[in-house]
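Undergrad: Here is a sequence with its predicted model. Questions after.
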Number of protein chains: 2
Amino acid sequence: MAPRKVTIIGSGNWGSAIARIVGSTVKTHSDEFQPEVVMWVFEEIVDGKKLSEVINTEHENIKYLPGKKLPANVVAVTDLVESCKDAGILIFVVPHQHVPKICASLKGKLKPGTIAISLIKGLSGVQKDGGLRLVSDDINESLGIDVAVLMGANLAPEVASDNYCEATIGTTKQDQGEVLKKLFHTDNFRINVVQDAHTVELCGALKNVVACAAGFSDGLGYGDNTKAAVIRLGLMEIVKFINEFYPSANLETFFESCGIADLITTCYGGRNRKVCEAFVKTGKPLAEVEKELLNGQSAQGPLTAEELYDTLKVNKALEKYPLLVAVHRICKGELKPSQLVDCLRNHPEHAGHGFKK
Amino acid sequence: MAPRKVTIIGSGNWGSAIARIVGSTVKTHSDEFQPEVVMWVFEEIVDGKKLSEVINTEHENIKYLPGKKLPANVVAVTDLVESCKDAGILIFVVPHQHVPKICASLKGKLKPGTIAISLIKGLSGVQKDGGLRLVSDDINESLGIDVAVLMGANLAPEVASDNYCEATIGTTKQDQGEVLKKLFHTDNFRINVVQDAHTVELCGALKNVVACAAGFSDGLGYGDNTKAAVIRLGLMEIVKFINEFYPSANLETFFESCGIADLITTCYGGRNRKVCEAFVKTGKPLAEVEKELLNGQSAQGPLTAEELYDTLKVNKALEKYPLLVAVHRICKGELKPSQLVDCLRNHPEHAGHGFKK
């Protein structure tokens, strides 16, 4: 197979951090990948200059990843269709609400055999029958191509600083998994590939809800024990949720970076935790705290909590998920943050004499 | 069965925190337990007074848990044999090196049917054939009684402040599990019982080694991604170790409080993390840092790492456990802390194309 062209669809903080990795690996694996990586950039004017031009001349995304150089073989292109022309691999790394429009623009314009990998952490939405839609479902159905996912304990600024970390690729096709591993695996970004793609993607979305609960716990001044209990019970609800709605899930996937590791990182260093802690401490509305703290980025947790709530309600399963439900109700102002622990006290996990295997 | 007398063997920080719980639950379950809880106290003079007398008059352990009242039905007794006379349940909560002497004193002096539960986090040692000895093995073999264990994400000061948390009881006998759950389960101390007692106990010991690695990572200034990778790889080695040496282990036990939750708490708020972070930052010997920071308590992690190393060496399995081995070598000065990540880069977890189920 001829070396494939790689296009990164997105140029935010995470997209730019990933461009540093992919710009390097395509050179190492020149038999697999073309030497130039195209990055689709939504054009903006920054300090009076076009962002795409700054990227192509100074090799730095001065707006979303200032202070870190991009490899010179990463080339910014502002026309979406042109950026993906003849691409063999598309890396989706944009806010999830932009996916439908992007896919509509690309429809019928991709070459046969193109595959995608989504780095987007969030859900696409809830269907009328209560089923969840994943971002990978949107891409797959709209473009008719195979979609893998990459998730893990990957706070973008730390990845951009080349700190050692891990990530998980989920794909159902072994040959694609092997190629994608080559595209992302470096000395400091260690990849495992698993077949259980839905679980990988769902972990990436659901952990943000647990991080909200961890943030409430921090805001209330409870210590490490309570926070660990919140994280554990949150994980148990994630496992239960995925098993209930995606029964092919494998328990071992939760031990990958996309599972416990990302959950831990997000519950200690992520933006959902931070916003929810400040929400409790300041008493200000969530939207206001988000605006003050996140510099234009958004916290996905409250939105994902609402989507999970809607799904659970339609499926009459609210009482089995006290933590996920409590996060939604606290975000909506229906419960006080201090009621979080009351919701966990009689958790199904603690029911009965509990003599488990 | 007549209500059983409960004796707590130990009166340190953790023993005193547990006495607050047990002193309360025996009153709730007067059909199961006698109303008075005996606490064996190793006599010390504190501020010119006998510690046992202070506990019995002021209901406070002013040395090891100052500022927290003990229930008035918790009675300090300084004679070990007398404290355990006619006891139905013994709660072991002393430093593990004291266990052999305590058991020798109690041998032949217990009433038939007495059971024990160990709250001791650490290993008893390594046998000549390379097998590990657990603290519960010591108690069981020395006294000929059934021994359960209680482990979890339970930093003692936070338990003593009644912050919501969870713990896991491991026992192979369902009837004993049900009684012990009654003895420890409260509104803010939530118990699950599992059959997999060895796994519960081993998790409690092995997590301290991973916490050392987390402390090195913190001391080196790596961020949340690296720390999450260290915690995850540490957990994978714990799982592998227990499966290799105690093949009856159940993967689900690692999802209990004794597993991931205790690991998280210990890697963020525990003393092994703290000591190992300071070891890196100050460059002082481990023993000196421990003395400066722990106020007479000890960090079990380096000791446990040595015991694991000895076991792995005899069993020719060192190369399968790069993190556990690296912690030992760093503690011994054979490796620099900055070499930790080098040891993890080619972890067996990342080997091959890694297409896992």
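TA: Thanks, I have the structure now. Residues are numbered from 1 along each chain as shown, chains lettered A, B, ... in the order given.

Undergrad: Quick check: A:Ala17 is in a strand.
TA: No. A:Ala17 sits outside any strand when classified using DSSP: H, G, I helix; E, B strand; the rest coil, being helix.

Undergrad: how far away is A:Ala229 from A:Thr265?
TA: Per CB to CB, to the nearest Å, A:Ala229 is found 18 Å from A:Thr265. All C-beta atoms are positioned from the backbone trio N, CA, C, and that covers glycine.

Undergrad: how near is A:Glu244 to chain B?
TA: Going from A:Glu244 to chain B by CB to the nearest CB, to the nearest Å gives 16 Å.

Undergrad: neighbours around that residue, how many?
TA: Using other CB atoms under 10 Å in any protein chain shown, the number of residues around A:Glu244 comes to 15.

Undergrad: Report the spatially nearest residue to it, omitting neighbours in sequence.
TA: Leaving aside its sequence neighbours, A:Glu244 sits nearest to A:Ala317 (CB to CB, 6 or more residues apart in numbering or on different chains; 7.0 Å).

Undergrad: so what's the residue in the stretch 251-357 of chain A positioned nearest to chain B up against?
TA: When scored by CB to the nearest CB, the stretch 251-357 of chain A has A:Gly269 as its residue closest to chain B, at 3.5 Å. Going by CB atoms under 8 Å, 6 or more residues apart in numbering or on different chains, A:Gly269 touches A:Leu155, B:Gly223, B:Asp224.

Undergrad: cool, A:Lys332 as well?
TA: Contacts were defined as CB under 8 Å, 6+ apart; by that measure A:Lys332 touches A:Glu306.

Undergrad: where does it land on pLDDT?
TA: Among the per-residue scores, A:Lys332 shows a pLDDT of 96.

Undergrad: Next, work out how far apart it and A:Tyr164 are.
TA: Taken as CB to CB, the span from A:Lys332 to A:Tyr164 is 39 Å.

Undergrad: same deal with A:Ala211?
TA: Remark: distance between A:Ala211 and A:Tyr164 (CB to CB) = 22 Å.

Undergrad: So for those two, which sits in the more crowded spot?
TA: The neighbour comparison of A:Ala211 against A:Tyr164 (other CB under 10 Å) goes to A:Ala211, with 32 against 21.

Undergrad: and stretch A:227-240, which residues are buried?
TA: Within stretch A:227-240, the residues that count as buried by 16 or more other CB atoms under 10 Å in any protein chain shown are A:227-240.

Undergrad: Keep only those of these that are in strands.
TA: Judged by DSSP state E, the buried residues of stretch A:227-240 include no members of strands.

Undergrad: Among the residues you listed, which ones are in helices?
TA: Counting by DSSP state H, the buried residues of stretch A:227-240 place A:227-240 in helices.

Undergrad: hey, where'd the strands end up in the stretch 151-300 of chain A?
TA: According to DSSP state E, counting those that start in this stretch, the stretch 151-300 of chain A carries its strands in the segments A:165-170, A:189-194.

Undergrad: Look at A:Gly354 and report its pLDDT.
TA: At A:Gly354, pLDDT is 48.

Undergrad: All the helices of the stretch 251-357 of chain A, residue numbers only.
TA: Listed in chain order, the helices of the stretch 251-357 of chain A (DSSP state H, counting those that start in this stretch) span residues A:262-269, A:271-282, A:286-294, A:301-314, A:322-331, A:340-345.

Undergrad: Can you mark which positions in the last one are buried?
TA: Just to be clear, that refers to helix A:340-345. By 16+ other CB under 10 Å, the buried positions in helix A:340-345 come out as A:Leu340, A:Val341, A:Cys343, A:Leu344.

Undergrad: before we move on, what about the second one?
TA: When burial is assessed from 16+ other CB under 10 Å, helix A:271-282 yields the following buried residues: A:Arg271, A:Asn272, A:Arg273, A:Lys274, A:Val275, A:Cys276, A:Glu277, A:Ala278, A:Phe279, A:Val280.

Undergrad: Could you point out which residue ranges in chain A have low pLDDT?
TA: Within chain A, the segments meeting pLDDT under 70 span A:352-357.

Undergrad: hang on, A:Ala213 packs against A:Pro322?
TA: No. Using CB atoms under 8 Å, A:Ala213 is not in contact with A:Pro322, being 10.3 Å away.
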